[in-house]
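S.K.: Mind folding the following:
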Amino acid sequence: MAIIDGLNKAFENKIRLGIMSVLAANGSADFATLKSLLELTDGNLASHTRHLEEAGYIRCEKSFIGRKPNTTYVITESGREAFAAHIAALERFLQGCRGE
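M.R.: Here you go, the predicted model:
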C-alpha cells in the first residue's frame, strides 16, 4: 500500500477541505458563514459546495428567515465518514514522512 493511499480526491482542494472542516466541526453552516470564514466569492463557494453535494458529502437546505432566503449546508453521514478517513490517511502520511 502506498503512503498516500486513502486520501480522498474530493478533499484535495483547500476550499473543499475548508468547507468540510467547518461542517465536520459544527454539523452545519450557512452560506454567508462559509463565505466569510473561508474568504470566498459567491461563485467560488457555490462551485465547491456543488461538487461536495454531488459526491453526497454535504446536503443543501434552503429556507427563509423572515422574507430573506437562507442556504445552509449540512454534512452527511457519508461525508463525515469520508472526511474522517481522509484525515486519518493524512495522519498516516505525516507519520510515514517522519519515519514513525
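S.K.: so who does residue 11 touch?
M.R.: Applying C-beta atoms under 8 Å, 6 or more residues apart in numbering to residue 11 gives the contacts 17, 20, 82-83, 86. To be clear about C-beta, it is placed using only N, CA and C from the backbone, and glycine gets the same treatment.
S.K.: Among the residues you listed, which are located in helices?
M.R.: 17, 20, 82-83, 86 (DSSP state H).
S.K.: From residue 92, how far off is the residue most central in space within the chain?
M.R.: The residue lying closest to the centre of the chain (C-alpha atoms, centre = their mean) is residue 20, at 1.9 Å. As judged by C-beta to C-beta, to the nearest Å, residue 20 and residue 92 stand 18 Å apart.
S.K.: Now the worst-scoring helix or strand of the chain on mean pLDDT: buried residues?
M.R.: Using mean pLDDT, DSSP states H and E, helix 77-98 stands out as the lowest-scoring helix or strand of the chain, at a mean of 91. Buried residues in helix 77-98, counted by 16 or more other C-beta atoms under 10 Å: 79-80, 82-83, 86-87, 89-90, 92-93.
S.K.: picking up where we left off before, touching, the residue nearest to the centre of the chain and residue 55? I think so.
M.R.: No: Residue 20 lies out of contact with residue 55 (C-beta atoms under 8 Å); the separation is 10.4 Å.
S.K.: Tell me the residues that contact both of these two, please.
M.R.: Joint contacts of residue 20 and residue 55 (C-beta under 8 Å, 6+ apart) are residue 79.
S.K.: now the helices: where do they sit in the chain?
M.R.: Under DSSP H, the chain gives helices at 14-26, 31-38, 42-54, 77-98.
S.K.: pLDDT averaged over the shortest one - what is it?
M.R.: When pLDDT is averaged along helix 31-38, the result is 97.
S.K.: Give me the contact list for that helix.
M.R.: 15, 18-19, 22, 29, 40-42, 45, 49, 70-73.
S.K.: just to revisit the earlier point, of all the helices of the chain, which one is nearest residue 5?
M.R.: Nearest of the helices of the chain to residue 5, taken as C-beta to C-beta: helix 77-98 at 7.0 Å.
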